[in-house]
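S.K.: For reference, the sequence and a predicted model appear below.
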Amino acid sequence: MDDGRKRVVRMAAILGLMAWAVGGGCVGSAALHQAVLSYDDTVSRLEQEILLLNIARMHADVPPHFTVTSSIAATFNFSTTAGFNSTVAEAVGTNSYGFTLGATVAENPTFSIVPVQGEEFTRRILTPTDETKFEFLVFQGAPIDMVLRLMADGIEVQTRDGRFERFVLNRPRAEEEYQEFRQRASHLAWLNGNRNLFVSSLSFEETLDEGLPGPPSPGDLMSAVDKGYQWTRAADGTYALTRTVIGRVAVTNYDPRTLGDAERRALNQRAAKNPRNFVFVDIRPDQPGGTFPLSGAIKLRSLNMMLEFIAEGIALWPEFDVPKDPRTGDPGRNPARLLAIHVDDHEPDDDVPYVAFGGEYFAVGDTPWDRDAFGLLYQLFQMTVTDVSRVGVPITISK
């Protein structure tokens with residue numbers, strides 16, 4: 001083979017490798033990487049806009065409606081084209097070569113969306129929030145006053161023996177009650193900031209059987225382990241079968257773990273008198289912050305009531321400044337509004353979540369508190385609505 005033909009073969013091999021690199025490697029991986037990030041951003045923005053859209057609907061006295069993206073399936077087709085042409089002459093230096101190289105990417109996404117309606121709507125949107133979500137958010141570091149102002153419909157004040165006295169409503173239309181609620185929330189925030197507040201589930205030992213004269217058999221021991229029970233031996237030589245019970249959530253200005261089993265059990269019995277959308281509160285006079293004591297329970301809202309509260313605050317019943325109680329130290333941030341939603345006739349200039357509705361734009365306030373509050377609302381939306389794995393047949397949209 002002469003030198004000219006050898007060069008042609010080498011160039012053809014190089015061209016093939018370039019086509020593989022561009023089509024199968026560089027273009028394919030880059031397109032897939034960008035598509036995954038784009039879909040993630042799209043779904044996140046859609047969910048934020050759905051939240052704002054429902055706030056806007058409620059502001060206009062229109063019933064809310066939720067639609068959730070349950071899945072996205074996308075097919076990517078990568079193809080490459082390559083060409084090589086040459087003119088090989090007998091005379092030295094008159095040979096010429098030409099190359100053509102191309103790559104194309106085709107994307108075919110399919111979105112599956114689920115309208116949350118009927119019984120599913122009632123269960124997810126209208127059912128009051130469980131106390132475990134309150135505990136989880138506070139444990140993760142969300143400001144407790146922000147959590148209270150968003151999630152709580154009010155505080156049920158009780159006597160020390162658990163008898164109902166009155167209810168303090170977290171609604172600006174009940175001006176005096178709203179002021180007391182805000183001061184209670186600021187007091188808890190101050191205690192929490194000084195690490196004198198405990199938000200946790202009450203735990204205690206429960207005896208299932210006691211006074212057994214002899215030790216348990218190997219079979220009894222294995223059975224107890226499987227069920228989460230344990231055998232203990234008393235000072236008089238008898239045996240008892242016990243288990244650890246994780247009870248209701250409590251907000252206290254003391255560490256419940258320092259109490260005996262009997263007292264923790266009694267506290268749990270008091271807490272259990274209310275449904276699970278009530279969070280037990282016991283701020284004792286003889287503990288830090290006890291000059292502003294509180295015995296009772298926090299009543300939690302549904303997601304629908306949270307959105308309604310924010311919608312009412314736009315114009316109908318706006319929140320207002322409430323100074324802290326004189327018995328409370330510095331609680332930190334204490335803005336007048338839980339979540340400011342600005343309504344205007346043009347798109348916001350700031351990089352904030354917004355949505356268009358009824359010829360107007362509804363945008364989240366551009367402050368750190370408002371952004372954090374909207375983030376908290378978004379987390380509750382995720383915890384309440386977006387798990388649709390057991391919902392019926394979704395609506396599929398193909399591009």
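M.R.: Noted; the coordinates are in hand.
S.K.: What about residue 289, how many residues nearby?
M.R.: Neighbour count for residue 289, taken as other CB atoms under 10 Å: 22. Heads up, the C-betas are built off the backbone N, CA and C, glycines and all.
S.K.: Which residue is the nearest non-sequential neighbour of it?
M.R.: residue 191 (4.6 Å; CB to CB, 6 or more residues apart in numbering).
S.K.: Helix or strand for the one you found, just tell me which one.
M.R.: Assigned by DSSP states H and E, residue 191 belongs to helix 175-193.
S.K.: got a list of contacts for that helix?
M.R.: Identification of contacts with helix 175-193 by CB atoms under 8 Å, 6 or more residues apart in numbering yields 138, 143-145, 148-149, 152, 154-155, 167-172, 197, 199, 251, 253, 283, 288-289, 292, 294, 319, 322, 324-325, 327-332, 334.
S.K.: where in the stretch 1-150 of the chain is pLDDT low?
M.R.: The stretch 1-150 of the chain contains residues with pLDDT under 70 at 1-43, 68-116.
S.K.: go with 80
M.R.: Residue ranges of the stretch 1-150 of the chain with pLDDT under 80: 1-44, 67-122.
S.K.: Helices along the stretch 101-250 of the chain, start to end?
M.R.: Using DSSP state H, counting those that start in this stretch, the helices of the stretch 101-250 of the chain run over 118-121, 131-139, 144-151, 175-193, 218-226.
S.K.: Residue 178 and residue 44, how far apart?
M.R.: As judged by CB to CB, to the nearest Å, residue 178 and residue 44 stand 33 Å apart.
S.K.: the more surrounded of these two?
M.R.: Using other CB under 10 Å as the criterion, residue 178 and residue 44 rank with residue 178 on top: 20 against 13.
S.K.: now the strands for the stretch 251-399 of the chain?
M.R.: Along the stretch 251-399 of the chain, counting by DSSP state E, counting those that start in this stretch, strands occupy 278-283, 294-300, 341-344, 354-357, 360-364, 395-398.
S.K.: Who are the packing partners of the first one?
M.R.: Strand 278-283 sits against helix 131-139, helix 175-193, strand 239-252, helix 261-271, strand 294-300, with contacts defined as 3 or more CB pairs under 8 Å, 6 or more residues apart in numbering; DSSP states H and E.
S.K.: rewinding a little: dump the strands of the stretch 251-399 of the chain into a markdown table; add mean pLDDT and distance to residue 203 as well.
M.R.: A markdown table is the format used below for the strands of the stretch 251-399 of the chain (pLDDT from 0 to 100; distance: least, CB to CB, whole Å):
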| stretch | mean pLDDT | distance to residue 203 |
| --- | --- | --- |
| strand 278-283 | 97 | 14 |
| strand 294-300 | 97 | 19 |
| strand 341-344 | 96 | 41 |
| strand 354-357 | 95 | 44 |
| strand 360-364 | 96 | 39 |
| strand 395-398 | 48 | 45 |
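S.K.: which stretches of the stretch 151-300 of the chain have low pLDDT?
M.R.: Across the stretch 151-300 of the chain, residues meeting the criterion (pLDDT under 80) sit at 206-237, 239-241.
S.K.: Please identify which of the strands of the stretch 251-399 of the chain is closest to residue 128.
M.R.: Between residue 128 and those, the shortest gap by CB to CB is with strand 294-300, which sits at 5.5 Å.
S.K.: Tell me which strands that closest one pairs with, and in which orientation.
M.R.: Looking at strand 294-300 with DSSP bridges, its partner strands are strand 152-158 (antiparallel), strand 278-283 (antiparallel).
S.K.: Give me the contact list for it.
M.R.: With CB under 8 Å, 6+ apart, strand 294-300 has contacts from 128-131, 133-134, 148, 151-160, 165, 167, 184, 187, 251, 271, 274, 277-283.
S.K.: what's the answer for stretch 365-384, then?
M.R.: 47-48, 51, 124-125, 129, 133, 137, 142-143, 146-147, 150-151, 303, 306, 310, 333, 335, 337-342, 348, 350, 352-353, 364.
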